[in-house]
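**Q** the following comprises the amino acid sequence and a computationally predicted model.
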Amino acid sequence: MKKGRYVDYHCTGHRGKRPEPYTREETLEDRFAGRLRKLVIPAEIITWLEQELVTSDAREQAKRDQA
């Protein structure tokens, strides 16, 4: 925390030192969100995930009913 308002992160040097000593939390959030916006999930994976979610929900509901 800087000045009780800002959260800064620093490089650990694991993959080599970075030129900036600190990075603000907002900067990291923006970069991460930008990467996520570019993420494309194939339709067949989304279909599979939906089916798994329905199956999982049904299993959990059955466990609750049995309890």
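**A** Good, I have the coordinates. The structure presented is a predicted model; accordingly, all values stated were derived computationally and were not measured.

**Q** average pLDDT across the longest helix out of those in the chain?
**A** Using DSSP state H, we find that the single longest helix of the chain is helix 43-66. Confidence over helix 43-66 (mean pLDDT, whole number) is 95.

**Q** and it, what's buried?
**A** By neighbour count on 16 or more other C-beta atoms under 10 Å, the buried set for helix 43-66 is empty. C-betas here are computed from N, CA, C, even on glycine.

**Q** residues in contact with that helix?
**A** Around helix 43-66, nothing counts as a contact under C-beta atoms under 8 Å, 6 or more residues apart in numbering.

**Q** ok, 10 Å please
**A** The contact list for helix 43-66 (C-beta atoms under 10 Å, 6 or more residues apart in numbering) reads Ile41, Pro42.

**Q** stretch 54-65: how far from the chain's middle?
**A** From the chain centre to the centre of stretch 54-65 is a distance of 26 Å (C-alpha atoms, centre = their mean, to the nearest Å).

**Q** same thing with stretch 39-51?
**A** With C-alpha atoms, centre = their mean as the basis, stretch 39-51 stands 17 Å off its chain's centre.

**Q** again with stretch 48-60
**A** Computed by C-alpha atoms, centre = their mean, the chain-centroid distance of stretch 48-60 equals 21 Å.

**Q** kindly export it (C-alpha atoms) in PDB.
**A** Extracted in PDB, the C-alpha atoms of stretch 48-60 (Å, rounded to 0.1, in the frame of the first residue of the first chain):
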ATOM      1  CA  TRP A  48     -19.100 -29.600 -23.200                       C
ATOM      2  CA  LEU A  49     -18.800 -27.200 -20.300                       C
ATOM      3  CA  GLU A  50     -22.500 -26.500 -20.300                       C
ATOM      4  CA  GLN A  51     -23.300 -30.200 -20.300                       C
ATOM      5  CA  GLU A  52     -20.800 -30.800 -17.400                       C
ATOM      6  CA  LEU A  53     -22.400 -27.900 -15.500                       C
ATOM      7  CA  VAL A  54     -25.900 -29.400 -15.800                       C
ATOM      8  CA  THR A  55     -24.600 -32.900 -14.900                       C
ATOM      9  CA  SER A  56     -22.700 -31.500 -11.900                       C
ATOM     10  CA  ASP A  57     -25.700 -29.500 -10.700                       C
ATOM     11  CA  ALA A  58     -28.000 -32.500 -11.000                       C
ATOM     12  CA  ARG A  59     -25.500 -34.600  -8.900                       C
ATOM     13  CA  GLU A  60     -25.300 -31.900  -6.300                       C
END
